[in-house]
Structures are given as structure tokens and as C-alpha cells.
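Q: Predicted model follows, preceded by the sequence.
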2 protein chains.
Amino acid sequence: MAVAEDYVELVADLLREEGEARSVDIARRMGVAQATVAATVTRLQRDGLVATKPYRGIFLTEAGQAMASAARERHELVVRFFLTLGLDRATAEADAEGVEHHVSEATLEAFARFLAERKDMA
Amino acid sequence: MAVAEDYVELVADLLREEGEARSVDIARRMGVAQATVAATVTRLQRDGLVATKPYRGIFLTEAGQAMASAARERHELVVRFFLTLGLDRATAEADAEGVEHHVSEATLEAFARFLAERKDMA
DNA sequence: AGCAGATATTAGCCTAGGCTATGTTTTGGA
DNA sequence: TCCAAAACATAGCCTAGGCTAATATCTGCT
């Protein structure tokens, strides 16, 4: 069950990696039906996060880009944190997905502090 | 947005603390309308997690008790982990709620390992 | 140029969790 | 005892995320 932010994040990734974000790729990468992508994109558009040119892919608005880079930062912080705790990459990535939308700033800062301390020790 | 497991957990808490779990208390504690509790309880009953005696409160089935104690264990593990990371109690409790349903066993084990190591050091 | 296959859209349906408003039952206190 | 307040139930609606099936559009290849 992906959340809006995950879609935005993925659109950003696809734009960076492939140069364009097509629904078919989003569907494949998220393991979801194309119709689901269409519905979600409609919501994202309504919320001013993406713009679409029909049959020409999906683009991020300013707000969408801001959300994507914030999400990306959070995602990477959580993944690094999990890796440091000794999780394998796959689990770290998967669980970060589940966690990053549900923790407060305070907790993210605690993760960051932990990483900083760990680095000092190494 | 509470999830079924949260309701089961709360029913267990209420039964322990108050001796009975009434919808009105569930609604108050979860900050949710009574009608929402009624709907959720119907689902929990359908799924064999609780039984109700109308106007006599809600009870846990075997399966419900199993879920509740597993949830409780997870919850406490996550809270202890967050406290050890330096979070205040309120944040730890709140964020644990968000996290405990979204991490794998492997991650919970990593949390437990971390706590065990920390204890050795103290 | 035209058509087949890829891609996108639309319609219609589902589930979990929410809400308000409107009944019903129960129950405790005068 | 009986009745009002508290508790519970029901109806109707909403949203985010899912699905399938059917339709429309586009694009690349012959």
C-alpha cells in the first residue's frame, strides 16, 4: 500500500534515471496496475504535485520536487540507519519505505545523531 | 488512522486496566467517533479477533489475545529502542505506534540486538 | 500509409478507516 | 417504578489505494 509520497519519489527517480516518468514504468516498479497509477496521478495533480502531458509522461511541479527531495533525504537517512543497525540492504530499503512516512522529525534527528556518533567512533 | 491491531491492543489494555472494554472508552481513547468503533468492531468480529456481548463490552478471542500480546511486545520493544536513542517518552510512544506495524521481524530483531548490546555496555 | 502492439484512460467495483445524523437500548437515580 | 442520560447501533456518505475489463490513443515497423 504505497502512499502519495512514494509515487512522487518514484517519479523523481524515474526522471533522473530515465529522463522521463511513464505510467507503465511506475506501475511496474510499484507492482501495481496501470489503472491504479492513473488514479493516483489524478490525485497528485489535483494536489499540485505533478503535471502531465498526456502520452508524454509525468513531471513534478515545484511542490512535487520539494516533496521528492525531502522524501529522498528521509529515505536515505532511514536506510543508512538500518544498515548501521546491521540489516541487509533489501530489508533496510523495504522497511525504510514503511517507516519514513510514520516517524516524527524528532525521531529522524535521533537517527541522524546516532549515525553521527557512530561515525565518530569508527 | 488506526489499524485493526491498534484496536485489539487497546481492547486488551482496557480489559486489563478496567476489567471491561466498552466502545465508548475505545472511542475516547482513540479519539474517534463511536460509529467508527462500531464499524471496526464488526470487522474484528468478522475476522475472529473479538466477540461482543451487546451492551456488555468487547472481549478477545484466542486469536485476538495472541495478536494483542504480540502487538504489545512489539510496541514495547520499539518504545524501549526509541527511548534508548534519546527520544522523550511521548514521542517514543507516538512514533512506535506508527512504526510497529511497518517493520519486518528482521528489523525488530535488530532493535532487540541493539538494546542487548547497549545493556552490556552499561 | 496503415496497422499491431504498447501505452494510457475510463468505468465500475472493493476494502479499511474515517465522519455525521438519527434511531434504539440500557441503566441508574429520583 | 419510570424516564432521561448514557451507551450502542444503523444508515449514508467520504477518501486513499487497490483491482479488472473495456476503450482510446499513440508509435514504430513493415
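A: Sure, I can see it. Computed from a predicted model, the values in this text were never measured in an experiment. Numbers count the residues shown, from 1 in each chain, chains lettered A, B, ... in the order given.

Q: Can you give me every residue that contacts A:Val3?
A: A:Val3 makes contact with A:His101, according to C-beta atoms under 8 Å, 6 or more residues apart in numbering or on different chains. (Each C-beta comes from the backbone N, C-alpha and C, glycine too.)

Q: so, in contact with DNA strand D or not, the stretch of helix or strand A:Ala39 belongs to?
A: Assigned by DSSP states H and E, A:Ala39 belongs to helix A:34-46. Yes: contact of helix A:34-46 with DNA strand D (C-beta under 7 Å from any atom of the strand) involves A:34-36, A:39-40, A:43.

Q: Would you mind listing the buried residues in stretch A:32-45?
A: A:36-37, A:40-41, A:44 (16 or more other C-beta atoms under 10 Å in any protein chain shown).

Q: Name the member of those with the shortest distance to DNA strand D.
A: A:Thr36 (3.5 Å; C-beta to the nearest atom of the strand).

Q: Give the closest residue to the closest one in space, chain neighbours not counted.
A: A:Ala27 (7.2 Å; C-beta to C-beta, 6 or more residues apart in numbering or on different chains).

Q: Please enumerate residues in contact with the helix or strand harbouring the one you found?
A: For A:Ala27, the host element (DSSP H and E) is helix A:23-30. With C-beta under 8 Å, 6+ apart as the contact definition, helix A:23-30 has outside contacts at A:2, A:6-7, A:10-11, A:14, A:18, A:32-34, A:36-38, A:41, A:58.

Q: ok so, going back, just want the angle from the helix holding A:Ala39 to helix A:23-30.
A: Using axes from the mean of the first three to the mean of the last three C-alpha atoms, to 10 degrees, the inter-axis angle of helix A:34-46 relative to helix A:23-30 is 110 degrees.
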